[in-house]
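Enquirer: what follows is a protein structure lacking sequence information:
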């Protein structure tokens, strides 16, 4: 693993871990902030959960995915989860922030840019293969190798059948 990945992953993950811990500690505030989304999520679930529990679960998911990203374990999945939570956070913070004053608008814009940047970083982590070939490349290589092996086998079989036919015709 490169030194950049060793340093960058924990640096990016730290924001998500701290944010997730804050969401878990202040579940009431998180539930109030995310009320429109959590209410719909709670209604869609097959089990009965309140918004506060879902807020804690969202915080726990952020902490878990952040730790996985920081340690480099299942980092592509963790990056995807963090990108989704970051995009959700950007949407909610933008909708709930004060945009009536000049300072409020500046804070709203800065918060939106921060969240968009974090989402971009998480998306980069989601597609980072750490120098190893991705799944699409591996599948393409496997298909190419299979095609070559199939063509070689077909030529070998054709030659064997032609020899057999020649031997039968000459006998």
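Expert: On my side now, so go ahead. Keep in mind the model is a prediction, meaning the values are calculated, not measured.

Enquirer: list the buried residues in the lowest-mean-pLDDT helix or strand in the chain.
Expert: Ranking every helix and strand in the chain by mean pLDDT, DSSP states H and E puts helix 35-44 at the bottom, with a mean of 74. Within helix 35-44, the residues scored as buried using 16 or more other C-beta atoms under 10 Å are 38, 42. Just so you know, the C-beta spots here come from the backbone N, C-alpha and C atoms, and that holds for glycine as well.

Enquirer: next: stretch 160-171.
Expert: Residues of stretch 160-171 classed as buried by neighbour count (16+ other C-beta under 10 Å): none.

Enquirer: quick one, domains of this protein?
Expert: 3-132, 134-171 (automatic domain parsing).

Enquirer: can you tell me which of those domains is most buried?
Expert: Most buried of the domains of the chain, by mean neighbour count (mean count of other C-beta atoms under 10 Å): domain 3-132, with a mean of 16.

Enquirer: what mean pLDDT does stretch 129-142 have?
Expert: When pLDDT is averaged along stretch 129-142, the result is 74.

Enquirer: mind checking the end-to-end distance for that stretch?
Expert: One end of stretch 129-142 to the other measures 18 Å (C-alpha to C-alpha, to the nearest Å).

Enquirer: what about the helices in this protein?
Expert: All helices of the chain, identified by DSSP state H, fall at 3-25, 27-33, 35-44, 51-71, 75-96, 102-127, 135-170.

Enquirer: off-centre distance for the fourth one?
Expert: On the basis of C-alpha atoms, centre = their mean, to the nearest Å, helix 51-71 sits 14 Å off its chain's mean C-alpha point.

Enquirer: taking the mean pLDDT, what do you get for that helix?
Expert: The pLDDT scores in helix 51-71 average 91.

Enquirer: about what we covered before: what is the least confident helix or strand of the chain packed up against?
Expert: If you count contacts as 3 or more C-beta pairs under 8 Å, 6 or more residues apart in numbering; DSSP states H and E, helix 35-44 packs onto helix 51-71.

Enquirer: what sits up against the helix it packs on?
Expert: 9-10, 12-17, 19-25, 27-28, 30-31, 34-35, 38-39, 41-42, 49, 74-75, 77-79, 81-82, 85, 122, 125 (C-beta atoms under 8 Å, 6 or more residues apart in numbering).
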